[in-house]
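**Q** no sequence for this one, just the structure:
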């Protein structure tokens, strides 16, 4: 296993418009956090509140509506702000398929090798997040494909 990067994808039976709407909804980003003032734009700071796990500040790096979304987070260092040495980069890419009737949603999380923690903790972080991303993609797929 590559302990610097996670790559996962799913094909969803819905248009890019629908997948983007679900992926960028506040409830996908905030967990138990307050949606007041939620603004998913480049440079924005968003905080995921995960009961029992803490708060995870995220910095939105790039937004290309209905195509690409990237953010940086310090998920091994809650509640620290993401910065060099404590964060990874998460990138979502949406690609239409089947004449627009389906969408390939891909997530790549990279930068585990640069985390300022021992090698075994970097490996554990990559392994933990691999399973977590499979769950996130499955959640987006189910939420998107519901009528």
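**A** Done, it's in. On a predicted model such as this, the values are computed, not experimentally measured, just so you know.
**Q** mind listing what residue 106 touches?
**A** Counting by C-beta atoms under 8 Å, 6 or more residues apart in numbering, residue 106 makes contact with 7, 8, 9, 92, 93, 94, 95. C-beta here means a position set from N, CA and C on the backbone, and glycine is covered the same way.
**Q** most remote residue from the chain's center?
**A** Distance from the centre of the chain peaks at residue 99, with 25.9 Å (C-alpha atoms, centre = their mean).
**Q** Could you name the helices and strands sitting against the longest helix along the chain?
**A** Secondary structure of the chain per DSSP state H: the longest helix is helix 119-145. Where contact means 3 or more C-beta pairs under 8 Å, 6 or more residues apart in numbering; DSSP states H and E, helix 119-145 is packed against strand 5-12, helix 16-23, strand 102-110.
**Q** what residues does the second one touch?
**A** Read that as helix 16-23. 12, 28, 65-67, 69, 92, 94-96, 100, 103, 105, 140, 143-144.
**Q** hmm, back to that, of the contacts of residue 106, buried ones?
**A** Neighbour counting over these (16 or more other C-beta atoms under 10 Å) leaves 8, 92, 94 as the buried ones.
**Q** The second one: which element?
**A** Assessed by DSSP states H and E, residue 92 sits inside strand 88-97.
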